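Chemist: starting from these lines, generate the structure:
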Amino acid sequence: MQAIERLILNSLFLLLCTLASQAAEYRPLPPVPKTGISDEWLIHEEAGNRLILYLPGYHNPARAYYQWITIRSKQSFLITFTARKDQSLFLDNRLIFTAPAPASYSLNLAQLMPVGMTVGSHLLCVWHPDVAPNISSFENASAQPKVKSGKSPVTNIFAAQARARGHQGENVFLCFLLLIGLLYGGIRATYQPGFSRIYQFENWWGRPTKDQEFLTKPTATWLNILLVLVFSLSLALLLVAIHTNIQTIVILRRLFDVPESAIMVRVLLYTGLIAGFVLGKYIFLELMGYIFDVTELVMLQYREFVRTFLFMGLFLPVVMVLYLSLNQTLPETVLWVSNGVVSLMLVGTVISIARTLSRRVSLLNLHLFSYLCATEVIPLLVLLKLIVFTY
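Modeler: Next comes the predicted model:
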């Protein structure tokens, strides 16, 4: 009888142990769909080749952090974060963004999805080649501030909304625009005849004899030098405004490492680079003219180059005013207009030079056509790549 009772007790004990072990078994729960970014980041564990939850006080900082996000159809996924230079974002191991300079950024991940990628769950990766990214700065951003009011929705349409924060360099841009206007006014009052020769519209589509008046005058005059400096300042101001970072060129970045936040320094730096390009092109033309044995065309070509640049530069302050007026309401439109004006100025300069040279010599000559490609077309493509197609 005691043996039977002992057997029953042992069976009950084994049954209870089995039930307890099954109850204590860990079963991972399916991930909860999230509508935004969270502070739960993952890191890659090399030993198990898997992603594990990152614990700041337990794990060492990593150069890559991961997070599962859910992008829904026809919905924005806005985030804000602070990034160092060269910090990159990936969606399913596909690059979608690289920070050109240290700054605070606001991105819509739904618009940055690569071609062919559908909505749903995706693995977001934040990576930096040298240091650990600042993942604590990642936050969700709302597309529009919510108006808290107890009134009806119809009344809320007319409710006051917070004014959009302007560009951080708006005051600097306005001061430079005022300086450009004063310089143009002072130069026009001081050099009235020479100023009119450059900026008279009828000289561009009038008789060819009118063009010769400027093309036969000396180029190295105080009027031309001052106008080149004002033109360089106008173009530099527009390049900084439309966020064209010329310092992506490795050589320039090594020589002039100017942060993106130093707007005034960047404007002055770009002004010097543009003025150096305009004035230094004469040396380039002399060298290429000697190689192609067309030195008699160098001065004519350079004078037409300077005249076209100076004429088209008169419209750059107008584009800058348009940028400051509409950038907060129509940023994409203003960006397209700014890039279009810069592209038109570069392409128009090449067309104007080709038109002037064709009156002296025939460009159907393969030798002269090669010279024009080497001195104008190839530099045009390089400038378009650096200035217009940077972003």
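Chemist: low-confidence regions, the stretch 201-350 of the chain specifically.
Modeler: 201-219, 243-261 (pLDDT under 70).
Chemist: from the chain's centroid, how far away is the longest helix along the chain?
Modeler: Determined from DSSP state H, the single longest helix within the chain is helix 263-292. Helix 263-292 sits 23 Å away from the centroid of its parent chain (Cα atoms, centre = their mean, to the nearest Å).
Chemist: give me the helices and strands touching the helix or strand just after it, please.
Modeler: Counting by DSSP states H and E, the next helix or strand C-terminal to helix 263-292 is helix 298-313. If contacts are counted by 3 or more Cβ pairs under 8 Å, 6 or more residues apart in numbering; DSSP states H and E, helix 298-313 sits against helix 192-199, helix 208-215, helix 222-241, helix 263-292, helix 331-358. In this view, the C-beta of every residue, glycine as well, is placed from N, C-alpha and C.
Chemist: stretch 74-87 spans what distance, first to last residue?
Modeler: 27 Å (Cα to Cα, to the nearest Å).
Chemist: now it: mean pLDDT?
Modeler: What stretch 74-87 shows for mean pLDDT is 88.
Chemist: thinking again about what came up before, how about the helices and strands packed on helix 298-313 in TSV, adding mean neighbour count and distance to Trp68?
Modeler: Shown next, in TSV, are the helices and strands packed on helix 298-313 (neighbours: other Cβ atoms under 10 Å; distance: least, Cβ to Cβ, whole Å):
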stretch	mean neighbour count	distance to Trp68
helix 192-199	14	60
helix 208-215	14	65
helix 222-241	22	38
helix 263-292	17	38
helix 331-358	16	30
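Chemist: out of these, which gets nearest to Val126?
Modeler: Closest approach to Val126 among the helices and strands packed on helix 298-313 (Cβ to Cβ): helix 331-358, 25.2 Å.
Chemist: run the angle between that closest one and helix 298-313 for me.
Modeler: For helix 331-358 against helix 298-313, the angle by axes from the mean of the first three to the mean of the last three Cα atoms, to 10 degrees is 150 degrees.
Chemist: output the contacting helices and strands for helix 331-358.
Modeler: helix 222-241, helix 298-313, helix 316-326, helix 366-372, helix 378-383.
Chemist: save those as JSON lines, and put in distance to Arg266 too.
Modeler: Shown next, in JSON lines, are those (distance: least, Cβ to Cβ, whole Å):
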{"stretch": "helix 222-241", "distance to Arg266": "5"}
{"stretch": "helix 298-313", "distance to Arg266": "19"}
{"stretch": "helix 316-326", "distance to Arg266": "15"}
{"stretch": "helix 366-372", "distance to Arg266": "33"}
{"stretch": "helix 378-383", "distance to Arg266": "18"}
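Chemist: okay, domains of the chain per the record?
Modeler: Using automatic domain parsing, the domain parsing of the chain gives 42-142, 170-388.
Chemist: please name whichever of these is nearest to Gly36.
Modeler: Nearest of these to Gly36, taken as Cβ to Cβ: domain 42-142 at 4.0 Å.
Chemist: list the contacts for His44?
Modeler: Counting by Cβ atoms under 8 Å, 6 or more residues apart in numbering, His44 touches Arg50, Leu51, Ala62, Ala64, Tyr66.
Chemist: at 6 Å what do you get?
Modeler: Residues near His44 by Cβ atoms under 6 Å, 6 or more residues apart in numbering: none.
Chemist: so which bits of the one helix or strand it maps to are buried?
Modeler: Here His44, judged by DSSP H and E, is contained in strand 42-45. Buried residues in strand 42-45, counted by 16 or more other Cβ atoms under 10 Å: Leu42, Ile43.
Chemist: and stretch 118-136, average pLDDT?
Modeler: Rounded mean pLDDT across stretch 118-136 is 89.
Chemist: in it, which residues are buried?
Modeler: Applying 16+ other Cβ under 10 Å to stretch 118-136 flags His122, Leu124, Cys125, Val126, Trp127, His128, Pro133, Ile135 as buried.
Chemist: measure stretch 104-113 end to end?
Modeler: 20 Å.
Chemist: do you have the strands of the stretch 101-250 of the chain handy? List them.
Modeler: For the stretch 101-250 of the chain, the strands defined by DSSP state E, counting those that start in this stretch occupy 103-108, 120-127, 139-140.
Chemist: now the shortest one: how far from the chain's centre is it?
Modeler: Right, strand 139-140. 22 Å.
Chemist: mind checking the pLDDT average for it?
Modeler: Rounded mean pLDDT across strand 139-140 is 88.
Chemist: state the pair within the buried residues of stretch 118-136 that is farthest apart.
Modeler: Every pair of the buried residues of stretch 118-136 checked by Cβ to Cβ; the farthest is His122 and His128, at 20.0 Å.
Chemist: re earlier: would TSV of the strands of the stretch 101-250 of the chain with distance to Tyr302 be doable?
Modeler: Converted to TSV, the strands of the stretch 101-250 of the chain look like this (distance: least, Cβ to Cβ, whole Å):
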stretch	distance to Tyr302
strand 103-108	39
strand 120-127	47
strand 139-140	53
